[in-house]
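Enquirer: need a structure here:
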Amino acid sequence: MKIFIDSDVILDLLLGRENFVKDAKSIFQLHSAPNIKLYTSPIIISNVVYVITRIKNAKAAKQKVRKLLNILNVLNIGEAEILESLNSKFKDFEDGLQNYCATNSKMNLIVTRNVKDYKHSDISILTPQELLVKLSK
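Expert: Reported below is the predicted structural model:
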């Protein structure tokens, strides 16, 4: 199973967001399962570095992302994804980029707490909690 992780879930983990960190940790622990691989996009990595730098500092942001890259694979975004997002029904261009990055890279699903942002997606969109329930069956 190839799982695309959205920025909110990554930030839940790296910032220890109180109401969400437990599920985020469980999601990232899936990387050790033999049939599961975790992915994200370079834009999400950039956004994560930006947010952590603003909240903490650049050194902390870089350190956290280096550790993250040990368990998370980064996909490519190119002209195809840009054009698809520009021509899509996605209100937010960046959400469209994430969606088409995941779709074109043959991800099985996107994990996000902002499910409504992906209502125009053709692949499954699950919250961390929904994914954990699905995998426990």
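
Enquirer: contacts and neighbour counts: CA atoms only from here.
Expert: Noted.

Enquirer: which other residues reach the lengthiest helix in the chain?
Expert: Ranked by number of residues, the top helix in the chain under DSSP state H is helix 42-55. Surrounding helix 42-55, the residues in contact under the criterion CA atoms under 8 Å, 6 or more residues apart in numbering are 6-7, 10-11, 15, 58-62, 65, 74-77.

Enquirer: in PyMOL, select just the buried ones from these.
Expert: Here the buried members of the contacts of helix 42-55 are turned into a PyMOL selection, burial being counted by 16 or more other CA atoms under 10 Å:
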select buried, resi 6+7+10+11+15+61+62+65+75+77
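
Enquirer: please point out which parts of the longest helix of the chain sit buried.
Expert: Quick answer for helix 42-55 (16+ other CA under 10 Å): 43-45, 48-52.

Enquirer: could you do stretch 94-107 as well?
Expert: Buried, per 16+ other CA under 10 Å, within stretch 94-107: 94-103, 107.

Enquirer: hang on, the earlier thing: and the buried residues of helix 42-55 as CSV, adding pLDDT?
Expert: Shown next, in CSV, are the buried residues of helix 42-55 (pLDDT from 0 to 100):
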residue, pLDDT
43, 96
44, 97
45, 98
48, 97
49, 98
50, 98
51, 97
52, 97
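
Enquirer: show me the strands in the chain, by range?
Expert: For the chain, applying DSSP state E gives strands covering 2-5, 37-40, 73-74, 109-111, 124-126.

Enquirer: now the ones you listed in a markdown table, with distance to residue 132 and mean pLDDT?
Expert: Putting the strands of the chain into a markdown table (distance: least, CA to CA, whole Å; pLDDT from 0 to 100) gives the following:
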| stretch | distance to residue 132 | mean pLDDT |
| --- | --- | --- |
| strand 2-5 | 12 | 98 |
| strand 37-40 | 14 | 98 |
| strand 73-74 | 20 | 98 |
| strand 109-111 | 10 | 98 |
| strand 124-126 | 9 | 98 |
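
Enquirer: from the contacts of helix 42-55, which land in helices?
Expert: Of the positions in these, 7, 10-11, 15, 58-62, 65 sit in helices, assigned by DSSP H.

Enquirer: follow-up on the earlier one: ok, of the buried residues of helix 42-55, which one's closest to residue 24?
Expert: Residue 24 has its nearest neighbour among these in residue 48, at 14.6 Å by CA to CA.

Enquirer: no more questions from me, cheers.
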